[in-house]
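Novice: sequence first, then the predicted structure, then my questions.
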Amino acid sequence: MSLTLRLYKTSSPSNKINKNVTLKGGLLINLKNRPKDFNELDIDYSGNTGSVALDFNYAHLVEYNLYFFAKMLPSNIGTAHNILHLELDPLMTYKDQILNLDCIIKRNTNKYNLYVPDDRLPTLKKTQIQTKAFNHTFVPYSSTVITLVGSSYD
Amino acid sequence: MYKYLVGKNAQGKNVKRPVYVANDFTYAEYYGVKYLKTATYENILPSDSILVKGWNSLYTSCNINLFNKSYSSLRNTADMVGVRQIFYQTVRDEEIFVKGHVSFEIKNRYYLVAQKDSSSNNYFYFRVVIIPMIRCLDDEGNDILAQADYGKYAVNRSFSPIENAGFYKDFPDYNLSLFYGHNWYVLNAPFDKTIARVDIVDAQQQKDKFIVQDFIGDLSPNTFIAYDIIFKSNNEFTIKPKFKYSEYPSVLFYNSEMGNFDYNQLGTPIKIGSTTDSSFYGSTPLSQGCLWFTLSTPLENMVDSEDNETTDNDDVSDSAGKTNSTGGGGGDFDDTSDEIDIPTPSESNPALTSGLVRMWKISRNGLTDLVEFLWDDSISATIKKLFSNPKDCICNLMTFPYDVTTKEANKEIKLVGVDSGVHADPDVIAGQQIDCGSLDVNEYFGTFLDYQTNVSIYLPYIGIKSLNVNDVMDSNIHLVYNVDNQTGECVAFIKCNKFNQQLNSVMYTFSGNMGTSLPINARDSSTQYLALLNSTAQLVGYNYVGAVNTFVTGISPKIEKSGRIDSNAGNISVLKPYLIVERPMWQKASNYAELQGETTYIEDTLNNLSGYVEVESVKSELNGVPKESRDRIIELLKEGVYI
């Protein structure tokens, strides 16, 4: 079973759904048997055709439209048997399905409600104190009141 | 109190909607050309709503600005908290009056401004500031902003940048600028999450000269509000979204053609932020149709008294919440409040009007003269008959730190009918009110931190008292003392008028004494000085242990800041009431929102989001994804991903 494996370089973080990739090369690989799943694959591409640059870290298995984090296993670099280790990136692979998901969003960069307490926000030990005065001042002894028994006036 | 428009929606469900309409609103209607006279409404009260009627062959749009100060006093963009733009699908059939009455429930006291552009009648805007709790109901009482498919509506509405932006130009004149369709663009827009101030250029009117103008960006939910225009050559430029802000599910940038544009093609509107699916409206120009807005006082005859309060739980579609017949949630969401006002003290005391005793407000000189009169050996025999010591006719002598009110003025004191030759103001009223004015307590951060603030108040002749921040934040605080002029006992009333609620009531009462009794004889003297000593001792016991600080919310634990300081002690204390606001301080990285987002708790489709997203729960299925990947994806979404 001959499959096309495109090799890319990506600097996007692994938890980015839609990764930015730069094509670095490609391989035609032969799998003796289709694996049960594609979560992890080790591919010996010694006998495969194609061009490989060393600075790739991402791969796309075209026929199955699967994206992988890719790396050459260190012990095999420069040996006769070059093994590519591929680990499925489910975010990129199923990005269309993911982006259509209806979710309760806990945090987001652009949509938020700042009145929801944020327990990640570090508050400082010190506080800011402000005083705001009302516009009235009492004046002691402004008025003297005397209460008299038997007093009157005309 | 607050009136509601009550009726049944298309599904036969009972709905009620707060209605506030003002008859004096000035408007004019035109076909094809929209025109609105300037109209400014101030003091829009909580729970007011605006009934918008539209008539349009295409759609009705309504944009209303609310500011936190009057329009005439606007000075900078910070005065506008945000903008709400409402587009509502209206008449595409033969009905004239819109199915879409869009009702805004205004949760804050802000100002409503509508301004006609002075240079053209092409277009006008009428906007509402975004406030977190704003609610918009459609004609059927449904909360349209909460609908998941709100974005879909927006897609169909071919927003252009100015529609999405809604700006003012030529500050500080604050004339609303016009939208000419496609020829206004936004340039270089700094953004700070709260307000947006960007510059715009008129790209078509003056092709080789771009006029940079002030701009208040639209913070409406469905908008990319600013764009960079990058010129590659004289006839080619690139438009890039600069930033976006949204509160509700936003419409993403639907124009897949975003990229390079031929300057010479500007005759055809480039619909920035619009859908590429133009089948809905085709190429019909946007600026057609007319609107009118009716703001009037509540209409009594529109309230069906039978239906007003008699809705079954199952039928209630009040958008404030949903009913649940099994697990609660079936409350009536009635957030109205009866106003509890500050009581007016009684001016009359029957004992004082009997003539047995009479209270006089007397000047210092008058008091001296009276003493001389009473100490005079030649004092009338009549007085001496009644009082073994003439001074015994004085039963109380007090001073007060305010101008005591009397019913009469400048009368000669007669003691048992004998003229004293001393003049004073008789018949001091029993109780009087001292209005200390009011203060606005505004949010400082505009976040939850404002509600983790400690607020206390210093009340002369009473002391420092703690206030609940939820009572006073975002409120107007009115302080009034009621004083008993017979004893000096006083009660301070604190009335809170919450800006974003209907609360306007007395929330706190604290008692004290502001009368200072003066000793009349030797026995009184010892008592009075003992009292003074006691009260002063409490004042000295000022117990402010500021070093003790518990780090929970960044705010220190509540600390007793003063003892009782009434009467004599009050006279030597601070004599002006004031608020003490102690707010937490926080450290926030500049890219905090980009790296880990802000709290949101909304329901939305991930497609409508950008940046960092952390999911609380997933509501729909990941179809066609193997179980192992599905579990991993949900795990990653909960840990946080970038879109």
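Specialist: Happy to help now that I have it.

Novice: what helix or strand is B:Gln433 on?
Specialist: strand B:431-441 (DSSP states H and E).

Novice: so which elements touch that strand?
Specialist: strand B:475-484, strand B:578-586 (3 or more C-beta pairs under 8 Å, 6 or more residues apart in numbering or on different chains; DSSP states H and E). No exception for glycine: its C-beta is placed from N, CA and C like everyone else's.

Novice: what does the residue nearest to B:Gly488 when sequence neighbours are not counted show for phi and psi?
Specialist: Leaving out its chain neighbours, the residue that sits closest to B:Gly488 by C-beta to C-beta, 6 or more residues apart in numbering or on different chains is B:Gly515, at 1.6 Å. Note on B:Gly515: its backbone torsions stand at phi -90, psi 140 [degrees, to the nearest 10].

Novice: tell me, how many residues neighbour the residue in chain A that chain B sits nearest to?
Specialist: As assessed by C-beta to the nearest C-beta, chain B sits closest to A:Thr109 within chain A, at 2.8 Å. The burial count assigned to A:Thr109 is 21, neighbours taken as other C-beta atoms under 10 Å in any protein chain shown.

Novice: B:Lys495 now?
Specialist: As a burial measure, B:Lys495 scores 21 neighbours (other C-beta under 10 Å).

Novice: before we move on, back to that, could you redo the helices and strands packed on strand B:431-441 as CSV and give each row mean neighbour count?
Specialist: Converted to CSV, these look like this (neighbours: other C-beta atoms under 10 Å in any protein chain shown):
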stretch, mean neighbour count
strand B:475-484, 22
strand B:578-586, 19
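
Novice: give me the mean pLDDT for stretch A:138-154.
Specialist: The average pLDDT for stretch A:138-154 rounds to 89.

Novice: do it and chain B meet at all?
Specialist: Yes: residues of stretch A:138-154 are located near chain B by C-beta under 8 Å from any C-beta of the partner chain, namely A:138-154.

Novice: quick check, the residue of chain A closest to chain B in contact with B:Glu598.
Specialist: Yes: when contacts are counted by C-beta atoms under 8 Å, A:Thr109 is listed as touching B:Glu598 (7.3 Å).

Novice: now A:Gly5: closest residue in space that isn't a chain neighbour?
Specialist: That one is not Gly; residue A:5 is Leu. Spatial nearest neighbour of A:Leu5, chain neighbours left out: A:Leu27 (4.5 Å); criterion: C-beta to C-beta, 6+ apart.

Novice: list the beta-bridge partners for that neighbour.
Specialist: Counting by DSSP bridges, A:Leu27 forms beta bridges with A:Leu5, A:Gly50.

Novice: my read is that it contacts A:Ser2, right?
Specialist: No: with contact defined as C-beta under 8 Å, A:Leu27 does not count as touching A:Ser2 (10.2 Å).

Novice: returning to what we had before: what would the helices and strands packed on strand B:431-441 look like in TSV with distance to chain A?
Specialist: Converted to TSV, the helices and strands packed on strand B:431-441 look like this (distance: least, C-beta to the nearest C-beta, whole Å):
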stretch	distance to chain A
strand B:475-484	6
strand B:578-586	4
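
Novice: reformat these as TSV; add distance to B:Pro350.
Specialist: As requested, the helices and strands packed on strand B:431-441 are exported to TSV (distance: least, C-beta to C-beta, whole Å):
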stretch	distance to B:Pro350
strand B:475-484	15
strand B:578-586	38
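
Novice: pipe those into JSON lines and attach mean pLDDT per row.
Specialist: Shown next, in JSON lines, are those (pLDDT from 0 to 100):
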{"stretch": "strand B:475-484", "mean pLDDT": "93"}
{"stretch": "strand B:578-586", "mean pLDDT": "91"}
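
Novice: from chain B, which residue is nearest to chain A?
Specialist: At 2.8 Å from chain A, B:Gly611 is the closest residue in chain B, using C-beta to the nearest C-beta.

Novice: please work out the average pLDDT along the strand holding B:Gln433.
Specialist: Averaging pLDDT along strand B:431-441 gives 92.

Novice: got the buried residues for that strand?
Specialist: Residues B:431-432, B:434, B:436, B:438-439, B:441 are the ones in strand B:431-441 that count as buried (16 or more other C-beta atoms under 10 Å in any protein chain shown).

Novice: which residues does B:Glu603 form beta bridges with?
Specialist: B:Glu603 has these beta-bridge partners by DSSP bridges: A:Ile104.

Novice: okay, it: pLDDT?
Specialist: 84.

Novice: fine by me, we can end here.
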